[in-house]
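Colleague: sharing a model prediction with you, sequence too.
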Amino acid sequence: MQVIKLGSKGQDVVTLQNALSAIGFYKGKVDGLFGPQTKQAVIDFQIAKELVVDGIVGKQTWTFLNIDNTPIDNDGSTPWLDWLIKFEGEKEIPGSKDNPWITELFSKYTSYGRTDADETPWCAATVCAALQETGYKNPRRADVLGFRNYGKVSTLIQGALVGLRWSSGSRHITTVRGGITSTHFNGIGGNQSNMLNTTKYPRSSIEFIRWPVKP
């Protein structure tokens, strides 16, 4: 991607505006014109990600936006999402007992290894299971950042894998399940209030959005 700044025009600006819009930083028209509103959105993004704040989109800003210009293969089917919906309601067992469905996620679908505690953060392991069980590439990572460069870059659409980062620095990964507005979306995933459920999330907390690929 080229360096773009105030006054730039073209497809790279469209890509930038779409990316910033998907994560809640840009609320203007996607017109391919890098004007003052687009520049302010870039500055706000750079501040949020603790980057050099200059309103110019160079290599570092493109990298944090996870832009690679590779189109996704989206025929409308999202079997990994269907798998998650099938198991919605699985939850941790309070006290000394543990849900074997959750603990098996780590040993069977990730490189984390065996765990006997269903309190171990299991959002990423749940996504690994959903991908593998439906024939998609499984990164076998039990940590959210293991998905940051997984698959292909996506916008905020049904079935997309969304990495979230909270102000505390902790992270979570969920899968889009409708409810998309200018400020929020619904995500289904594991370890959401200690269970696999559908929860409303703010777009402003989005760190990356990826699309599954075949092995």
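Modeller: Received it, and whenever you're ready, just let me know what you need. For clarity, every value in this text was computed on a predicted model and none was experimentally measured.
Colleague: give me the neighbour count for residue 28.
Modeller: Counted by other CB atoms under 10 Å, the residues lying close to residue 28 total 15. Just so you know, the C-beta spots here come from the backbone N, C-alpha and C atoms, and that holds for glycine as well.
Colleague: dump stretch 97-116 to CSV, keeping only the CA atoms.
Modeller: Provided in CSV are the C-alpha atoms of stretch 97-116 (Å, rounded to 0.1, in the frame of the first residue of the first chain):
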residue,chain,number,x,y,z
LYS,A,97,-15.8,-29.4,38.7
ASP,A,98,-15.1,-28.5,35.1
ASN,A,99,-16.9,-28.8,31.8
PRO,A,100,-15.1,-31.5,29.7
TRP,A,101,-16.5,-29.9,26.6
ILE,A,102,-14.4,-26.7,27.4
THR,A,103,-11.3,-28.4,28.6
GLU,A,104,-11.2,-30.7,25.5
LEU,A,105,-11.0,-27.6,23.3
PHE,A,106,-7.4,-27.0,24.4
SER,A,107,-6.1,-30.6,24.0
LYS,A,108,-7.9,-31.4,20.8
TYR,A,109,-7.8,-28.1,18.8
THR,A,110,-4.8,-26.0,20.1
SER,A,111,-1.1,-26.4,20.8
TYR,A,112,-1.8,-25.2,24.4
GLY,A,113,-2.0,-28.8,25.7
ARG,A,114,-4.2,-30.3,28.3
THR,A,115,-5.9,-28.2,30.9
ASP,A,116,-8.2,-29.4,33.7
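Colleague: give me the buried positions along it.
Modeller: In terms of neighbour count (16 or more other CB atoms under 10 Å), stretch 97-116 has its buried residues at 98-99, 101-103, 105-106, 109-110, 112, 115.
Colleague: could you dump these into JSON lines and include distance to residue 194 and secondary structure?
Modeller: Shown next, in JSON lines, are the buried residues of stretch 97-116 (distance: CB to CB, whole Å; DSSP: H, G, I helix; E, B strand; the rest coil):
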{"residue": "98", "distance to residue 194": "12", "secondary structure": "coil"}
{"residue": "99", "distance to residue 194": "10", "secondary structure": "coil"}
{"residue": "101", "distance to residue 194": "13", "secondary structure": "helix"}
{"residue": "102", "distance to residue 194": "10", "secondary structure": "helix"}
{"residue": "103", "distance to residue 194": "14", "secondary structure": "helix"}
{"residue": "105", "distance to residue 194": "14", "secondary structure": "helix"}
{"residue": "106", "distance to residue 194": "16", "secondary structure": "helix"}
{"residue": "109", "distance to residue 194": "19", "secondary structure": "helix"}
{"residue": "110", "distance to residue 194": "19", "secondary structure": "coil"}
{"residue": "112", "distance to residue 194": "19", "secondary structure": "coil"}
{"residue": "115", "distance to residue 194": "15", "secondary structure": "coil"}
